[in-house]
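Undergrad: what follows is a protein structure lacking sequence information:
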């Protein structure tokens, strides 16, 4: 018997499905459906035979999906999952029902990893996720910012701001040791690592370690990726991650991100994928489906997997009422 093409989903189509504010009268939906059929569906045949190898006429067959080929993920609050929920809490129940991939919000960031309570919460959460058959993304080995209170340890921040002549080599060594430590600690548990996060706007370490070098071509970035490759299990995807690529129209940000990726590839860094944050903190930051596809195609030219690593909608201009805003975001 022939089983017709089964449902699938093109990544670009999945992401742009809600952007109907500029949908060229719905024509993009038709194009998306055509691409889904072409790229994400295939025919296959099933031959049912008896023990003698003879075809069984009029055999009734049922097919059920056992797993998604795509990663449907969400961020997980480690403190909430570890300390504020019991086994049957809706937070835990919905995580395992709705998702097959998860990333920890803050518990794997550098500062938290070096705090006993932070690491313990991360370890507990990772074990729970794996026990519930969810794959775990690592976020993030390096986020070079002093803002937001979570990314880097105090001694790293103090040395980066010190102006001391030994700061460059101290920070280089400290950062490489951290990558080795966290990569090794989660070596057989994390399948994806955001190695470098938001280099375009947050580069407090590279500007000290490689002074006078453009942020798009700092040699230590290559060292970081090579250290991550050494520390993690074979096959772990090593990702670069940034914002304002799919969101809004900051062409300067896109250009710098592209330059960083091109530099890493040229220098032999083991870059395994390109991450796109998707923080739509204002409805006006939406792009049309065609524009999103154009941007994705631009970065697809690097020949690497494209991953939407962070995705949320909040802020203003979604609707005049809460109900209208929710309907717009849902669509």
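TA: Ah, there it is. The shown structure was predicted, so the numbers you read here are calculated from the model rather than taken from an experiment.
Undergrad: which element is residue 278 on?
TA: strand 273-282 (DSSP states H and E).
Undergrad: buried ones in stretch 170-190?
TA: 170-172, 174-176, 178-179, 182-183, 185-186, 190 (16 or more other CB atoms under 10 Å). Just so you know, the C-beta spots here come from the backbone N, C-alpha and C atoms, and that holds for glycine as well.
Undergrad: contact partners for residue 132?
TA: 95-96 (CB atoms under 8 Å, 6 or more residues apart in numbering).
Undergrad: let me fix that: residue 68
TA: Neighbours of residue 68 in contact, by CB under 8 Å, 6+ apart: residue 100.
Undergrad: so it: helix, strand or coil?
TA: Classification of residue 68 by DSSP: H, G, I helix; E, B strand; the rest coil places it in coil.
Undergrad: gap between it and residue 55?
TA: Between residue 68 and residue 55 the computed distance is 32 Å (CB to CB, to the nearest Å).
Undergrad: which stretches of the stretch 1-150 of the chain form helices?
TA: 11-16, 27-40, 78-83, 90-98, 110-113, 116-131 (DSSP state H, counting those that start in this stretch).
Undergrad: how about those, which one is nearest residue 281?
TA: helix 11-16 (16.9 Å; CB to CB).
Undergrad: quick one: mean pLDDT over the closest one.
TA: In this model, helix 11-16 has an average pLDDT of 38.
Undergrad: ok, stretch 80-94 next?
TA: Averaging pLDDT residue by residue across stretch 80-94 gives 91.
Undergrad: okay, buried residues for it please.
TA: 81-82, 85, 92.
Undergrad: buried residues, stretch 29-48. List them.
TA: So, applying 16+ other CB under 10 Å, buried residues of stretch 29-48: 29, 32, 36, 40.
Undergrad: run through who's touching the biggest helix by length in the chain.
TA: As assigned by DSSP state H, the longest helix anywhere in the chain is helix 167-185. Residues outside helix 167-185 that contact it (CB under 8 Å, 6+ apart) are 108, 110, 113, 119, 138, 141-142, 155-156, 159-160, 164, 193, 195, 205, 208-211, 220, 223-224, 227-228, 230-232.
Undergrad: now those: which count as buried?
TA: Of the contacts of helix 167-185, these count as buried by 16+ other CB under 10 Å: 108, 110, 113, 119, 138, 141-142, 156, 159-160, 193, 195, 205, 208-210, 220, 223-224, 227-228, 231-232.
Undergrad: so which of those belong to strands?
TA: By the criterion of DSSP state E, membership of these in strands covers 138, 141-142, 193, 195.
Undergrad: that older thread, could you list every helix and strand in contact with the strand holding residue 278?
TA: The criterion is 3 or more CB pairs under 8 Å, 6 or more residues apart in numbering; DSSP states H and E, and the helices and strands that strand 273-282 contacts are strand 237-242, strand 306-316.
Undergrad: could you say which of those strands is packed most deeply?
TA: Ranked by mean neighbour count, the helices and strands packed on strand 273-282 are led by strand 237-242 with a mean of 24 (mean count of other CB atoms under 10 Å).
Undergrad: now the helix or strand just after that one: buried residues?
TA: Moving toward the C-terminus from strand 237-242, the next helix or strand (DSSP H and E) is helix 251-266. When neighbours are counted by 16+ other CB under 10 Å, the buried residues of helix 251-266 are found to be 253-254, 256-258, 260-261, 263-264.
Undergrad: can you say which two of the buried residues of stretch 29-48 are spatially most distant?
TA: 29 and 40 (15.2 Å).
Undergrad: so residue 67 sits against residue 135, correct?
TA: No - with contacts counted by CB atoms under 8 Å, residue 67 stays clear of residue 135, the gap being 10.6 Å.
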